[in-house]
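*Asks:* One predicted model, sequence on top.
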Amino acid sequence: MNLDKLMAWVVAVVLLLSGTGNLDVLQKWVWKKQAKVIYESRSSIWGGPRFFHSKH
């Protein structure tokens, strides 16, 4: 993956939004996506520690 082109695109979007005064919209969008990633990566959805049940 070519990160140089991606970073140039991201910088262009940030400069465009900051120039129009909508940087707060971008910041809220980033916070929502970060919260979603943190919520989905919690350990409760990975399963329990007793994956192999013993038959005692």
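*Replies:* Happy to help now that I have it.
*Asks:* okay, CA-based contacts and neighbour counts for the rest of this
*Replies:* Noted.
*Asks:* The host helix or strand of V11 - contacts with which helices or strands?
*Replies:* For V11, the host element (DSSP states H and E) is helix 3-20. When contacts are defined as 3 or more C-alpha pairs under 8 Å, 6 or more residues apart in numbering; DSSP states H and E, helix 3-20 packs onto helix 23-40.
*Asks:* between the helix it packs on and helix 3-20, what angle do the directions make?
*Replies:* When axes from the mean of the first three to the mean of the last three C-alpha atoms, to 10 degrees is applied, the directions of helix 23-40 and helix 3-20 differ by 130 degrees.
*Asks:* average pLDDT across helix 23-40?
*Replies:* For helix 23-40, the per-residue pLDDT values average out at 88.
*Asks:* residues making contact with it?
*Replies:* The contact list for helix 23-40, computed with C-alpha atoms under 8 Å, 6 or more residues apart in numbering, reads V14, L17.
*Asks:* Buried ones in it, by neighbour count?
*Replies:* For helix 23-40, a neighbour-count test (16 or more other C-alpha atoms under 10 Å) marks L23 as buried.
*Asks:* what's the distance between it and the middle of its chain?
*Replies:* Taking C-alpha atoms, centre = their mean, to the nearest Å, one finds the center of helix 23-40 at 7 Å from the center of the full chain.
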